[in-house]
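Peer 1: Only the shape, not the letters, is given here:
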Ligand SMILES: [Zn+2]
């Protein structure tokens with residue numbers, strides 16, 4: 001970091017933080033509303049430019065500079081500083097972000113005599129039963145990705161250079177410092193986890209690959225996408241029961257979702273509506289949209305329960321908190337609450353009671369293997385991203401990406417994905433933290449209310465209490481408030497081992 005300026009008088013800082021808190025809320029609200037209208041199929045275009053323009057001073061280097069001398073005891077400061085710096089970085093790279101998104105929506109490839117859009121390829125790959133055709137399709141996808149990579153490289157050049165101008169030693173350092181992610185500790189926990197779970201993961205992987213008639217020595221990432229798509233379980237999860245199932249589960253926790261006037265369940269069919277459920281917290285807690293196009297299947301159930309977890313968290317957040325603690329802060333927290341509700345869909349008691357599934361063992365085995373895969377994948381992504389963003393030139397990292405992911409996952413990853421498989425701001429770390437916190441929250445609920453906590457309105461009341469804090473506490477602080485020493489992968493690792 002560059003030398004800090006002298007702290008400003010605290011009165012000035014207070015008014016600066018007051019103003020930024022208000023403006024951040026207005027900006028996020030306008031942006032979320034625009035995304036909601038577009039993705040719910042009510043508006044074809046997505047006009048982000050005017051919103052950025054109206055709030056241009058939020059993301060100016062002057063604002064970042066002014067925040068340097070912020071009062072470290074003000075609880076709003078860390079979240080506002082992170083919001084402003086990331087906005088500043090994204091602002092610098094916005095034309096490249098738009099160019100990449102344009103390529104992703106317009107690129108296409110020829111397959112079976114038809115032009116297939118780039119973004120439709122992953123779904124085609126995960127539904128392709130023939131391994132040879134699957135690998136070919138994935139090769140085409142990787143070629144298109146490679147063609148887009150010069151734009152991604154340029155975008156990372158800009159993000160990295162902007163982080164340096166703002167005084168950080170590297171992009172990784174900026175993310176770590178702003179989000180208090182403790183990436184070094186997280187890396188250590190994840191290296192141990194990768195090591196400890198290696199043999200259990202390999203033996204399950206090989207058994208599953210043999211079941212698909214894929215030679216484990218020749219397996220590719222696309223084979224795993226096909227394995228996890230697993231349409232054989234879709235009949236358990238009917239479209240007709242989906243919404244009733246959610247409403248009944250919330251009712252047991254003491255939440256009458258049909259009378260909640262701040263959560264709007266948008267189930268109306270529209271031609272351009274996103275097929276995947278999503279939550280748009282336009283004003284927290286007063287206007288939270290839960291959007292869904294019910295089509296059934298395990299993915300749809302999991303997506304809806306996940307998004308409902310976000311929606312309930314935001315809808316129960318205390319409105320008296322500043323926006324920095326309602327809408328900003330550590331997203332690992334809202335993700336953990338989303339995973340808490342999503343986890344019901346893999347609870348055997350819940351599955352039997354709500355969906356009448358008497359023997360979910362095969363489904364559960366695969367789901368738990370999928371969780372183990374995801375955890376290992378994100379652990380490997382974290383190790384990779386620390387190298388990618390650690391300082392040196394990212395252009396030299398494509399082989400390293402493929403080597404690390406392939407070695408950790410036992411299936412060939414393509415070097416072409418070395419930038420497209422990376423989210424901004426070390427979001428991989430947020431997910432890892434969220435998975436750990438979710439298992440800890442669940443263990444806490446079981447300890448307080450028993451294995452069937454999700455049928456107990458008192459557990460619902462406890463969750464609402466936690467939700468009311470919004471994102472005032474980081475995931476590690478929240479874990480401490482629940483009686484743990486901090487974020488710990490132990491409960492999750494144990495669970496994944498015992499469900500072998
Ligand atoms: Zn989420």
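Peer 2: Sure thing, it's come through. Source: prediction; values computed, not measured.

Peer 1: separation between the residue nearest to residue 355 when sequence neighbours are not counted and the ion?
Peer 2: Nearest residue to residue 355 in three dimensions, chain neighbours excluded: residue 236, at 5.9 Å (Cβ to Cβ, 6 or more residues apart in numbering). Every C-beta, even on glycine, is put in place using the N, C-alpha and C of the backbone. For residue 236, the distance to the ion (Cβ to the ion, to the nearest Å) stands at 23 Å.

Peer 1: give the contact list for residue 236.
Peer 2: Residue 236 sits next to 298, 351, 355, 357, 360, 363 when contact means Cβ atoms under 8 Å, 6 or more residues apart in numbering.

Peer 1: what subset of these is also close to the ion?
Peer 2: Near the ion, judged by Cβ under 5 Å from the ion, there are no entries from these.

Peer 1: Which of those residues sits closest to the ion?
Peer 2: residue 298 (16.9 Å; Cβ to the ion).

Peer 1: could you list every residue that touches residue 61?
Peer 2: Applying Cβ under 8 Å, 6+ apart, the residues near residue 61 are 88, 165, 166.

Peer 1: which of the contacts of residue 236 count as buried?
Peer 2: Listed as buried from the contacts of residue 236 are 298, 351, 357, 360, 363; burial here means 16 or more other Cβ atoms under 10 Å.

Peer 1: Which ones among the residues you listed map onto helices?
Peer 2: Using DSSP state H, the members of the buried ones among the contacts of residue 236 that fall in helices are 298, 351, 363.

Peer 1: Look up the closest residue to the last one, ignoring the ones flanking it.
Peer 2: Spelled out, it's residue 363. Residue 363's closest residue in space is residue 233 (Cβ to Cβ, 6+ apart), at 4.7 Å.

Peer 1: Now do residue 97 against residue 131, distance only.
Peer 2: As judged by Cβ to Cβ, to the nearest Å, residue 97 and residue 131 stand 35 Å apart.

Peer 1: Count the neighbours of the closest residue to the ion within the stretch 251-400 of the chain for me.
Peer 2: Closest approach between the stretch 251-400 of the chain and the ion, counting by Cβ to the ion: residue 338, at 4.4 Å. Using other Cβ atoms under 10 Å, residue 338 has 24 neighbouring residues.

Peer 1: quick one: what helix or strand has it in it?
Peer 2: helix 331-342 (DSSP states H and E).

Peer 1: Sticking with the most centrally placed residue in the chain, tell me its helix or strand.
Peer 2: Geometric centre of the chain, nearest residue: residue 431, 5.7 Å, by Cα atoms, centre = their mean. Element membership for residue 431 (DSSP H and E) is helix 427-449.

Peer 1: low-scoring stretches of the protein, by residue?
Peer 2: Filtered on pLDDT under 70, the chain yields the residue ranges 1-14, 391, 498-500.

Peer 1: residues near residue 326, how many?
Peer 2: Neighbours of residue 326 using other Cβ under 10 Å come to 24.

Peer 1: and the longest helix anywhere in the chain, which residues are buried?
Peer 2: Counting residues, the longest helix in the chain under DSSP H turns out to be helix 131-165. Within helix 131-165, the residues that qualify as buried are 131, 134-135, 137-138, 140-142, 144-146, 148-149, 151-152, 155-156, 158-160, 162-164, counting by 16+ other Cβ under 10 Å.

Peer 1: what packs against the helix or strand following that helix?
Peer 2: Downstream of helix 131-165, the first helix or strand assigned by DSSP H and E is helix 171-179. In terms of contacts (3 or more Cβ pairs under 8 Å, 6 or more residues apart in numbering; DSSP states H and E), helix 171-179 is packed against helix 77-106, helix 131-165, helix 183-211, helix 427-449.

Peer 1: so the second one versus helix 77-106, what angle?
Peer 2: An angle of 140 degrees separates the directions of helix 131-165 and helix 77-106 when computed by axes from the mean of the first three to the mean of the last three Cα atoms, to 10 degrees.

Peer 1: And for the last one?
Peer 2: In this structure, helix 427-449 runs at an angle of 120 degrees to helix 77-106, with the same axes, to 10 degrees as the basis.
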